[in-house]
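Trainee: Sequence first, predicted coordinates after that:
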Amino acid sequence: MAHPAIVVAGATRPYPGETANGDAWQVQWRDDACRIAVINALGHGPQAADEAIDAQGALAATASFAPADALRACHATLVGRRGAAVSIAHIDLAAGQLVFAGIGNVEAVLWMGGREERLSPDRGIVGAASRTLRPLSVALTEAWLLLVHTDGVSARFRLADLLSASPSDARGLANTVLEAWGRPQDDATVVVACPCDFFPSPPAGEC
């Protein structure tokens, strides 16, 4: 998915042998800002997929782009059910700011200034006990890349190594991480966001 200044691309697959995916991701746009959500419903199979879809619906109905507000909406929808891990990033280019918040084991890595920073979600389960959220705000420079992944993807990769291999675009990077680091016994999802000009030659129509 592309915006005049931001590219967001994802790669996802269900638990091997399943057709229903308990992972989901979503991006919503507003002017020069976008809100990216990555959802990992507990378990796998049709029931987990239904909960992930309902969390997406709660996000779509939430007017506020603030990650904490979006997480509260997901929590209200999933109370009394299996629950989910959810991480949300709000990227505002006009303000030069990224705000990240999450509950559970959906992790994020920000590449900026030639180094990577892990953005850690709070512990817990969305839909279980209510928690005090601690959003993290980061000032963005011109060259940045955000990668968010569920726990179906091992966190042992290094963005420095992946980027030095010169991936062609955001979608190619997401696919590479999913294929190389996806765990064999879980749903798995990778979402990549970056400025339109981060990669030298993005595919036609992406920027």
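Mentor: That came through, no problem.
Trainee: Could you use CA atoms for every contact and neighbour count after this?
Mentor: OK.
Trainee: Check which helices and strands the least confident helix or strand in the chain by mean pLDDT sits against.
Mentor: For the chain, the helix or strand with the lowest mean confidence is helix 159-164, at a mean of 91 (criterion: mean pLDDT, DSSP states H and E). Here helix 159-164 is seen to pack against strand 115-119 when contacts are counted using 3 or more C-alpha pairs under 8 Å, 6 or more residues apart in numbering; DSSP states H and E.
Trainee: Could I get the buried residue list for stretch 101-113?
Mentor: 101-111 (16 or more other C-alpha atoms under 10 Å).
Trainee: repeat for stretch 149-157
Mentor: The neighbour-count check on stretch 149-157 (16+ other C-alpha under 10 Å) flags 149-153, 155 as buried.
Trainee: same thing with stretch 64-76?
Mentor: Along stretch 64-76, the positions that meet the burial threshold by neighbour count (16+ other C-alpha under 10 Å) are 65-75.
Trainee: ranges for the helices of this protein?
Mentor: 46-60, 67-78, 159-164, 170-181 (DSSP state H).
Trainee: what about the strands in the chain?
Mentor: Along the chain, the segments classed as strands by DSSP state E run 6-13, 23-30, 33-41, 84-92, 97-103, 107-112, 115-119, 136-139, 144-149, 188-195.
Trainee: For those strands, give me CSV that also has distance to residue 166 and mean pLDDT.
Mentor: Written out in CSV, the entries for those read as follows (distance: least, C-alpha to C-alpha, whole Å; pLDDT from 0 to 100):
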stretch, distance to residue 166, mean pLDDT
strand 6-13, 17, 96
strand 23-30, 25, 96
strand 33-41, 24, 97
strand 84-92, 24, 97
strand 97-103, 25, 97
strand 107-112, 14, 97
strand 115-119, 16, 94
strand 136-139, 25, 97
strand 144-149, 14, 98
strand 188-195, 15, 97
